[in-house]
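S.K.: pasting the structure only:
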């Protein structure tokens, strides 16, 4: 019993480590568990236009901040003839274009790809000391009267904002409201009223996503701080609950667009949505993951896509030999055959394998009469196998059978050893045992091929290599099995019938 606990702890550690690492990389990097998973990506283009005055020009455009619900996949800044950098001197990043001598109409572009995400971004709280707006008479009195009318019927920041929106949009409009709206926009007025009531609030620029929309401007909305998060408020309709297609673009920057050395500046947004495979989106966002085979060169990636399937094939072999009790020629030779089937496809691979092994067995029977030493006999078999494969490929090419050319993917040494083992088995145990072991090997190879060729298995094995720890745990568990094989139960059927009689 004492020896079992360390083993069970090892199994539990392997399973937990493999699954938890896979979950972490899925949640942190967006690597999908399903190969068919798709996500919607919004391509947003900001077009900046202004007239340069023939001197130094500086153009600043606020960039969307980190926010819950959306993440930036990629960004591109088209600025022919302009210098470009990212201005990080303020709380919100800004795109910064510069040109020494710019004259006449100028056009700049910013293209941002946004991905709808469930990731929750920690929101920056408001400053500890709020700056109350400066009201001049008679606007101070009008603002105070409006606040006094809604304060008794509100309970917190959100309800106060909702009541203020209702009072601002009631028809016919109150005289105080009309007076205040003459000097401020609805969003600015709502923000100033909330700040006057010592409620953290700010005016933000929000982009409403709509597929195929062109020349759209940002909407000025208000955010109210409550319960450790910002709540979005529309100065016309009140609290905004559905923010699924609302992107915060301006939060901390003083303005969306600033142009120095030019006039008649304006910016318009266009957008379009597209559906992309989730794995492609993840690679665009993060490039090479923390522990990822994508950091390898392309040629090595293709090789490892096959190598990472070997543990799955090994698990199939372990199950079929230990639990089922099926005999094979060689322990893990079926895995290598299945790996070759992945390159050749199943039917051409099976036919090629059977033909080469059958011809090799006939030639091997002649080599046994020569009384060669083992090393020389195996070397001769390797050369013969190469000759058979070469001849088979040339004949297939002449006959237009492209599938026959894939026989070259079979490992030569493995084929030679397979022929040698089957030949020795024929001499020692007869042709029936050869058919049993050879047929068992092909059956297990086909099962391993069917498992390894599943798109889900291929996807998980390459993109979540840590899940091989779970496969290792299963192999270790099967390795402790000491019961009867399923095929052995047939041997004891006669004893059971005799006992029942």
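M.R.: Thanks, I have the structure now. Computed from a prediction, not measured in an experiment: that's the story for all the values here. Numbers count the residues shown, from 1 in each chain.
S.K.: only C-alpha atoms from now on, for both contacts and neighbour counts.
M.R.: Will do.
S.K.: list the buried ones in the helix or strand hosting residue 375?
M.R.: Here residue 375 sits within helix 374-398, counting by DSSP states H and E. Judged by neighbour count (16 or more other CA atoms under 10 Å), helix 374-398 contains these buried residues: 377-378, 380-382, 384-386, 388-389, 392-393, 396.
S.K.: do a quick rundown of the strands in the stretch 51-200 of the chain.
M.R.: 70-78, 83-87, 94-116 (DSSP state E, counting those that start in this stretch).
S.K.: so which elements touch the first one?
M.R.: Same thing as strand 70-78. On a contact count with 3 or more CA pairs under 8 Å, 6 or more residues apart in numbering; DSSP states H and E, strand 70-78 meets strand 94-116, helix 278-286.
S.K.: go again using 10 Å as the cut-off
M.R.: strand 38-62, strand 83-87, strand 94-116, strand 246-250, helix 278-286 (3 or more CA pairs under 10 Å, 6 or more residues apart in numbering; DSSP states H and E).
S.K.: now do stretch 158-178, average pLDDT.
M.R.: Averaging pLDDT along stretch 158-178 gives 87.
S.K.: got the end-to-end distance for that stretch?
M.R.: Length of stretch 158-178, first residue to last, CA to CA, to the nearest Å: 23 Å.
S.K.: stretch 145-157 now?
M.R.: By CA to CA, the extent of stretch 145-157 from end to end equals 18 Å.
S.K.: where does this structure have low pLDDT?
M.R.: By pLDDT under 70, the low-scoring segments of the chain are 1-3, 118-119, 284-292, 295, 298-299, 396-413, 488-501.
S.K.: run the last query once more with 50
M.R.: Scanning the chain for pLDDT under 50 picks out 1, 402-406.
S.K.: coming back round to it: go through the strands of the stretch 51-200 of the chain and name the closest to residue 425.
M.R.: Proximity of those to residue 425 was assessed by CA to CA; the nearest stretch is strand 70-78, lying at 59.9 Å.
S.K.: going by neighbour count, which residues in that closest one are buried?
M.R.: For strand 70-78, a neighbour-count test (16+ other CA under 10 Å) marks 70-73, 77 as buried.
S.K.: chain center to it, what's the gap?
M.R.: Offset of strand 70-78 from its chain centre (CA atoms, centre = their mean, to the nearest Å): 17 Å.
S.K.: what inclination does that strand have with respect to strand 94-116?
M.R.: On the basis of axes from the mean of the first three to the mean of the last three CA atoms, to 10 degrees, strand 70-78 is oriented at 130 degrees to strand 94-116.
S.K.: can you add mean neighbour count and give the helices and strands packed on strand 70-78 back as CSV?
M.R.: Listed next are these as CSV, based on neighbours: other CA atoms under 10 Å:
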stretch, mean neighbour count
strand 38-62, 19
strand 83-87, 14
strand 94-116, 18
strand 246-250, 21
helix 278-286, 18
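S.K.: would a markdown table of these with distance to residue 9 be doable?
M.R.: Output for the helices and strands packed on strand 70-78, formatted as a markdown table (distance: least, CA to CA, whole Å):
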| stretch | distance to residue 9 |
| --- | --- |
| strand 38-62 | 37 |
| strand 83-87 | 51 |
| strand 94-116 | 40 |
| strand 246-250 | 47 |
| helix 278-286 | 34 |
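S.K.: and the ones you listed: which comes nearest residue 460?
M.R.: Of all these, helix 278-286 sits nearest to residue 460, with 11.5 Å by CA to CA.
S.K.: phi first, then psi, for residue 251.
M.R.: phi -130, psi -50 (degrees, to the nearest 10).
S.K.: contact partners for it?
M.R.: Residues in contact with residue 251 (CA atoms under 10 Å, 6 or more residues apart in numbering) are 62-65, 91-92, 202-206, 222-223.
S.K.: out of those, which are inside helices?
M.R.: Among those, DSSP state H puts none in helices.
S.K.: buried subset of those residues?
M.R.: Taking 16+ other CA under 10 Å as the criterion, what is buried in the contacts of residue 251 is 62-65, 92, 202-206, 222-223.
S.K.: now stretch 251-271: buried residues?
M.R.: Neighbour counts over stretch 251-271 (16+ other CA under 10 Å) mark 251-253, 256-259, 261-262, 265-267, 269-271 as buried.
S.K.: same deal with stretch 465-477?
M.R.: For stretch 465-477, burial by neighbour count (16+ other CA under 10 Å) applies to 465-476.
S.K.: mark which of those are part of helices, please.
M.R.: 468-476.
S.K.: quick revisit: nearest to residue 133 among the buried residues of stretch 251-271?
M.R.: Nearest to residue 133, judged by CA to CA, of those is residue 252 at 17.2 Å.
S.K.: can you tell me how far residue 443 is from residue 282?
M.R.: Residue 443 is 38 Å from residue 282, by CA to CA.
S.K.: assign residue 5 to helix, strand or coil.
M.R.: Following DSSP: H, G, I helix; E, B strand; the rest coil, residue 5 is assigned to helix.
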